[in-house]
Every structure is written in structure tokens, then in C-alpha cells.
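Novice: structure for this input, please:
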Amino acid sequence: MPTRTARTAWNGSLEAGGGQVELTSSKVGTYDVSFPKRAADDADGTTSPEELIAAAHSACYAMQFSALLGGAGGTVEQLDVKADVSLGPDSSDGGFKLTGIVLTVEGEVSGIDEATFLKAAEDAKAGCPVSKALSGVEITLNATFVS
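Specialist: Modelled structure (predicted):
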């Protein structure tokens, strides 16, 4: 499997500086980042490490879940996966840490029942490579089967 690359060019201090994250491998875009906007309720056109992790986690989970559903005899009509990644204070060192991730999935899958869907949803949460990489963060799953 290939290695994927992103890079960030940063100028200035944490509070006054800013940077750009480049998705180098895919060449699909370069995105602004700044700490003040990272910590604000309105991102105002900038991304953050948490949003990029959420994107990676939702995509990885969707792939893993789709594979497990197919292996269980299901046909995936549609999956809608959202990942909410929270940042908060880290009382152990005075810095910040990821405080939780909530995966929310709604799926329309034919050929299986709800119990099979829910088991595959939990197994995908445990088996997704990004979930494994983020094992130090509490990951919550909300799964809804649409028949």
C-alpha cells in the first residue's frame, strides 16, 4: 500500500500566525489553517487538524463498513457517515487533546437485517485503520439502519 503525504507551511506565532495545509499526494487542494479559527465556533473558511481527522475517519469508516456489509451478504445502497471530532483542554499538561469522536452512520442496505447491520457497524468501528490509530480517544458510534 502506498504512503500518502500532506505538508503544512506555517508562518508566525501560534496566536498571530497561520499556515496552509497541502494535500500533496492527491493534489486536490491547499487549505488555510490558524489557531484562533481552530478554537473559534466559526471556522470562517479555514480547516483544522480536527476537521481533517474527521474527514479521514468518516471516509475510512465508510470503506470498512461497506466491506463488512458486503461480506455479510448485504448490498449497500447508501451510507451517510459523519465524524465529529472534539478538541479540549488536557489537564495532564495544560495543553489540548482530542476529547472524543462521535461516528454517526445511517445506512440503506438490502439483503441483511438490522442486527447484522449493527454488528457490522460496531466491527467497522473497531477494525477501521483510522479508528485503530485513534485508539487513545473515546469513539462513540450511533448507527441507524434504514430498511
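
Novice: ok, which stretches of this protein are helices?
Specialist: 35-38, 49-71, 114-127, 129-133 (DSSP state H).

Novice: for residue 147, find the nearest of the ones you listed.
Specialist: With CB to CB as the criterion, residue 147 lies closest to helix 114-127 of the helices of the chain, at 7.2 Å. Any C-beta I mention is one placed from the backbone N, CA and C, and that applies to glycine too.

Novice: name the residues of that closest one that are buried.
Specialist: For helix 114-127, the neighbour count (16 or more other CB atoms under 10 Å) marks 116-117, 120-121, 123-125, 127 as buried.

Novice: and if you look at stretch 94-111?
Specialist: Neighbour counts over stretch 94-111 (16+ other CB under 10 Å) mark 98, 101, 103, 105, 107, 109 as buried.

Novice: can I get the CA coordinates of that stretch in CSV?
Specialist: Extracted in CSV, the C-alpha atoms of stretch 94-111 (Å, rounded to 0.1, in the frame of the first residue of the first chain):
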residue,chain,number,x,y,z
GLY,A,94,-2.1,22.2,30.3
GLY,A,95,-2.3,21.8,26.5
PHE,A,96,-5.0,20.4,24.4
LYS,A,97,-6.1,16.9,23.3
LEU,A,98,-8.8,15.2,21.3
THR,A,99,-11.6,14.7,23.8
GLY,A,100,-13.9,12.4,21.8
ILE,A,101,-15.1,11.3,18.4
VAL,A,102,-18.7,10.6,17.5
LEU,A,103,-19.3,8.5,14.4
THR,A,104,-22.9,8.7,13.1
VAL,A,105,-23.9,6.4,10.3
GLU,A,106,-27.2,5.9,8.6
GLY,A,107,-27.3,3.2,6.0
GLU,A,108,-29.7,1.7,3.5
VAL,A,109,-28.6,-1.8,2.9
SER,A,110,-30.6,-4.6,1.3
GLY,A,111,-30.1,-8.3,1.9
